[in-house]
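J.: the following comprises the amino acid sequence and a computationally predicted model.
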2 protein chains.
Amino acid sequence: MASHGVRGRSGGRPTLEEVAARAGVGRGTVSRVINGSPRVSDATRAAVEAAVAELGYVPNTAARALAANRTDAIALVVPEPETRFFAEPYFSDMLKGVGSELSETEMQLLLIFAGSDRERERLAQYLAAHRVDGVLLVSVHADDPLPDLLTQLEIPAVISGPRSAAEPLASVDSDNYGGARSAVEHLLSRGRGHIAHITGHLAVYGAQRRVDGYRDALREAGHEVDEGLIEPGDFTEEGGRRAMAELLRRRPDVDAVFAASDVTAAGASQILRETGRRIPDDVALVGYDDSAIARHMEPPLTSVRQPIEEMGRAMIDLLLTEIADRRPAASRGLERHQVVLATELVERRSS
Amino acid sequence: MASHGVRGRSGGRPTLEEVAARAGVGRGTVSRVINGSPRVSDATRAAVEAAVAELGYVPNTAARALAANRTDAIALVVPEPETRFFAEPYFSDMLKGVGSELSETEMQLLLIFAGSDRERERLAQYLAAHRVDGVLLVSVHADDPLPDLLTQLEIPAVISGPRSAAEPLASVDSDNYGGARSAVEHLLSRGRGHIAHITGHLAVYGAQRRVDGYRDALREAGHEVDEGLIEPGDFTEEGGRRAMAELLRRRPDVDAVFAASDVTAAGASQILRETGRRIPDDVALVGYDDSAIARHMEPPLTSVRQPIEEMGRAMIDLLLTEIADRRPAASRGLERHQVVLATELVERRSS
DNA sequence: ATCACTTGTGGGAGCGCTCCCACACTACCT
DNA sequence: AGGTAGTGTGGGAGCGCTCCCACAAGTGAT
C-alpha cells in the first residue's frame, strides 16, 4: 500500500498533471506509464513511477471513464430475487470462479439482482447508461428480454446456458448432452434395461440437450428408445413426484430413472419409496447438479456434476475478450464464442 | 422504459447539449431539470422532459462523477471470504434491508468482499480512488485497519457493531445489553438460580455488552454475580463445547446457560447431552441471533433475535445523511451518530 | 421613477483523464 | 549528404457533465 506523501499542496488528490510536473515530463508520458504503454524509455518510466509513489497518485476513474469511454466494471446480473441467490450453491460457486479470474485484472465486479420488476427497471436504466463494460448473465429463462436488450445496446455479454443452439450471445455451458449420456451409460453398465428419463423444463435448452443425450446413449447401446419412458418435468421436486407417479403407472417395469436435476430426483425418490420400491435394488436413480441435496439423500444420490466455478472463470475470459474486441459477438456473424465444459458423474449408492 | 427515438444522428448516445438544442433551452437548464432543481418554470421543464423522452437521453455517469465529484455509489464491504457470506443468513438479511432502503434512491450498491489479503489490497486501492461515496462496514473485527483507513480518506462510513463505546464512526447496532438482560430475566422467571454465561469473543464490543447485561440483570434481581459462572467463549461451536465442559467441571450445579450465540449454544448442548443432562429439564439454554440453527436444534432453542434487516436500513439512512453532510462523523466531534435497535426474545422449548 | 430583490435562464470554465498529432532525435540505409 | 524509418515525448482538443456568474425580466416597496 502506497503510504507516502499523500495529500498534495491543495489538500485534494494529486492529478496526472501534478505527477507530470513532479517527474519533469509531460502529461501524455505519465498517462503512458500508468497505462503500461511500451513506448516509454526506462529512465522516464522510473522517474514517473517515483513521482507516482511520492505523491500517492491514484488515477481518477471518472475522468478516465469519461475520456476513454469505458468503465472498467462488469456486472454479474442475477435475474432472481436475493433469496434464491443465497439459497443455491450454484451462485456462490459461480461467484467464486468469477471473482478469482477477475482478480487478475483491474476490472470491478458488480453484483446486480433483477428479481422484481422494479429491480429490472433499474437495471435497464443502468445498462442504458452504459455503466458497465460488459455483462455476465446467469440463470436466464428462455423468454427473458434481457439478452436482447443487451444486444440492442451493444453491450458485450456472456450468458451461462445458451437459450438455443443458435444463441447469438457468447455463452458458457456444461456438456448437458455428454452429462446425460454418462448418466445413462452408467445405468446401462449396471445392467438396467428399462431406463426412464424425467426431463427438465423443456423451454430450457439444456434440458433438451439432456434428452438428446439420453436418447443417443440408449440408441448407441443398441436399445430402442421407448418414448413412453420419457416424462416431462420442470426441474422441481413436485414435478419429479408427478412425473415418477406417471411413469410407474405407464411403465411399471421401469428399473432406473435418470432425472434432470437432483431436486427432481428427490421428488421421484419419494414416490418410489411410497410405492414400496427400494433404491437402488428395485429402481436405480441418477440426478443432475451434484448439489448438497444429492449428498444428503437416503441413499446418497448418484449425480452429474457441472464444473460451476470453472464455468464462472470461462465466462470472464469470454467477456474480457468480447470487451477487448469492443463489439458483441452478435455482430461478428459466424464467429460465435461458445464454451462447453465437461461434466463428471459422481457415483453414490442410489445406482 | 423509455423506448422512443433512441440513437441520435451521430449513432452515439445523446448528450445534455443535444437535449438542450432540441428543447430550445440552454445546457444549464437541462441540467437543472435532470437534477430536479426547483428553479425552473413549469413550461420549460415540460419541454425539456419531452426532449429527454424523445431522444431517450440517459445522463453519462462518468461525466457527472467527474464534474460533481461524486459517484452515486456506495459499497457494502464484507471483510470475510465469500463462503462465510453465503453461509450466514446474517448477510442475506442485511443485504435485503440495505437493498430495499436503497431502492428509493439513485444510489448504486456494490458488494465487495475483502477476505484475503489480496482482496484487501484491491479494496484499499479502490477506496483511495474514491470510487464510492460511502461505505457500509459489516462484521468488523476490533483490530481491523479498515475503519481508520476510511477516516483517513475522509470517506463517509457506517459500521455495524461499534468497536467500542467511543466508536468514532457512525454505527448501527442491536441492543446487546438489553438482549442479554432479557435472556437472563427470562431464565430467572423460569426459576433458574444458577445461570451461567458463555461469552462471545471479548475483543468484540457487543460481546462485552452482553456480559454487562448478564451481570446487571442478575444484580438487579438481587442475585450476587458469581464470576465462576462466566466462561469466555468465542462465538464458535467448539468454543461452546469447551466452555460448557469447563463450566460443568467448575459449577456442576449450573441449571441454566445463556450463550452469546446460537452456534455456541449448539456446542454447549452437545456437551450437556453427552454428560446426560436434559434440556431444559436439567439445564435451560438460551442462545443469541435466532439463526436457522436455533429452529433446527433439538429441542428448538430459545434465542435473542436482532432486527438485522432493519439494521441494514438504518445503516443506509445514516450513511446517506453522512454523505449529504459531506463529512465523516469523526470530524463532527461530539455529534456522533449511533443507532441502537431493540432485540426480541424468541421463546422455544430449550428454556 | 428608482432601487432592491427574486426568479428563470444561458453559457463559460473546468473536472482529470485519453487520444492523437506534431515534432525532435536517433539510426541506418542508399 | 540526403532520405526514410522508427522511437520517445509534449501538449492541444475534447469526453459530457456541474457549478456558478452574469444577466434579463418581473415584482413590489419607496
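T.: Happy to help now that I have it. All of these numbers come straight from a predicted model, not from anything done at the bench. Numbering: from 1, shown residues only, chains lettered A, B, ... in the order given.

J.: residues from chain A in reach of DNA strand C?
T.: A:12-13, A:15-17, A:27-28, A:31, A:34-35, A:57, A:59-60, A:63-64, A:66-68 (Cβ under 7 Å from any atom of the strand). Placement of C-beta: from N, CA and C, glycine included.

J.: also near DNA strand D: which of those, exactly?
T.: Within the residues of chain A next to DNA strand C, those near DNA strand D by Cβ under 7 Å from any atom of the strand are A:27-28, A:31, A:63, A:66-67.

J.: in the stretch 201-350 of chain A, which spans are helices?
T.: A:205-220, A:237-250, A:262-274, A:292-296, A:308-325 (DSSP state H, counting those that start in this stretch).

J.: tell me which residue lies nearest the centroid of chain A.
T.: When Cα atoms, centre = their mean is applied to chain A, the residue found nearest the centroid is residue A:160 (4.1 Å).

J.: mind checking how far it is from residue A:204?
T.: Distance of residue A:160 to residue A:204, given as Cβ to Cβ, to the nearest Å: 12 Å.

J.: can you check residue A:298 too?
T.: 28 Å.

J.: who has more neighbours out of the two?
T.: In this view residue A:298 and residue A:204 are compared by other Cβ atoms under 10 Å in any protein chain shown, and residue A:204 has more residues nearby, 21 against 10.

J.: got the contact list for residue A:141?
T.: Contacts for residue A:141 (Cβ atoms under 8 Å, 6 or more residues apart in numbering or on different chains) come out as A:79, A:203-204.

J.: any idea which element it lies in?
T.: Counting by DSSP states H and E, no helix or strand carries residue A:141.

J.: residue A:17 - how many residues pack around it?
T.: 11.

J.: returning to that earlier point: mean pLDDT and distance to chain B added to the helices of the stretch 201-350 of chain A, as JSON lines?
T.: Output for these, formatted as JSON lines (pLDDT from 0 to 100; distance: least, Cβ to the nearest Cβ, whole Å):
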{"stretch": "helix A:205-220", "mean pLDDT": "96", "distance to chain B": "24"}
{"stretch": "helix A:237-250", "mean pLDDT": "96", "distance to chain B": "20"}
{"stretch": "helix A:262-274", "mean pLDDT": "95", "distance to chain B": "18"}
{"stretch": "helix A:292-296", "mean pLDDT": "82", "distance to chain B": "12"}
{"stretch": "helix A:308-325", "mean pLDDT": "93", "distance to chain B": "11"}
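
J.: pick the most buried one from the ones you listed.
T.: helix A:262-274 (a mean of 23; mean count of other Cβ atoms under 10 Å in any protein chain shown).

J.: let me have that one in CSV, keeping just the CA atoms, if that works.
T.: In CSV, the C-alpha atoms belonging to helix A:262-274 read as follows (Å, rounded to 0.1, in the frame of the first residue of the first chain):
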residue,chain,number,x,y,z
ASP,A,262,-31.3,-33.5,-8.1
VAL,A,263,-34.4,-31.9,-6.8
THR,A,264,-36.4,-33.8,-9.3
ALA,A,265,-34.7,-37.0,-8.3
ALA,A,266,-35.6,-36.2,-4.7
GLY,A,267,-39.3,-35.9,-5.7
ALA,A,268,-39.1,-39.2,-7.7
SER,A,269,-37.5,-41.0,-4.8
GLN,A,270,-40.4,-40.1,-2.5
ILE,A,271,-42.8,-41.7,-4.9
LEU,A,272,-40.6,-44.7,-5.3
ARG,A,273,-40.5,-45.1,-1.5
GLU,A,274,-44.2,-44.6,-1.1
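
J.: between helix A:237-250 and it, find me the angle.
T.: 50 degrees (axes from the mean of the first three to the mean of the last three Cα atoms, to 10 degrees).

J.: give me the contacts around helix A:262-274.
T.: Residues beyond helix A:262-274 that count as contacts (Cβ under 8 Å, 6+ apart) turn out to be A:198, A:200, A:233, A:235-245, A:248, A:257, A:259, A:279, A:282-283, A:285-291, A:293-294, A:297, A:301, A:303, A:350.

J.: tell me which helix or strand comes right after the helix or strand containing residue A:111.
T.: Residue A:111 is part of strand A:108-113 when elements are defined by DSSP H and E. Using DSSP H and E, the helix or strand that follows strand A:108-113 towards the C-terminus is helix A:117-128.

J.: the helix or strand following that following helix and chain B, are they touching?
T.: Next along the chain after helix A:117-128, taking DSSP H and E as the criterion, comes strand A:134-137. No: counting by Cβ under 8 Å from any Cβ of the partner chain, chain B has no neighbours in strand A:134-137; the shortest distance is 14.2 Å.

J.: gap between strand A:134-137 and the chain center?
T.: Strand A:134-137 sits 10 Å away from the centroid of its parent chain (Cα atoms, centre = their mean, to the nearest Å).

J.: what's the helix or strand following it in contact with?
T.: Following strand A:134-137 in sequence order, the next helix or strand is helix A:146-152 (DSSP H and E). Here helix A:146-152 makes contact (Cβ under 8 Å, 6+ apart) with A:77, A:79, A:114, A:120, A:123-124, A:127, A:135, A:137, A:140, A:157, A:159, A:163, A:168-169, A:328, A:330.

J.: cool, and stretch A:26-39?
T.: Contacts of stretch A:26-39 (Cβ under 8 Å, 6+ apart): A:16-17, A:19-20, A:23, A:40, A:44-45, A:48-49, A:51-52, A:59.

J.: do that again at 10 Å, thanks
T.: A:15-23, A:25, A:40-41, A:44-49, A:51-52, A:57, A:59, A:64, A:67-68 (Cβ atoms under 10 Å, 6 or more residues apart in numbering or on different chains).

J.: any regions of the stretch 51-200 of chain A where pLDDT drops low?
T.: Within the stretch 51-200 of chain A, the ranges that satisfy pLDDT under 70 run A:84, A:87-88.

J.: residue in it nearest to DNA strand D?
T.: residue A:67 (3.7 Å; Cβ to the nearest atom of the strand).

J.: what helix or strand is the residue in the stretch 1-150 of chain A positioned nearest to DNA strand D on?
T.: DNA strand D sits closest to residue A:28 of the stretch 1-150 of chain A, with a gap of 2.2 Å, by Cβ to the nearest atom of the strand. Element membership of residue A:28 [criterion: DSSP H and E] is helix A:27-34.
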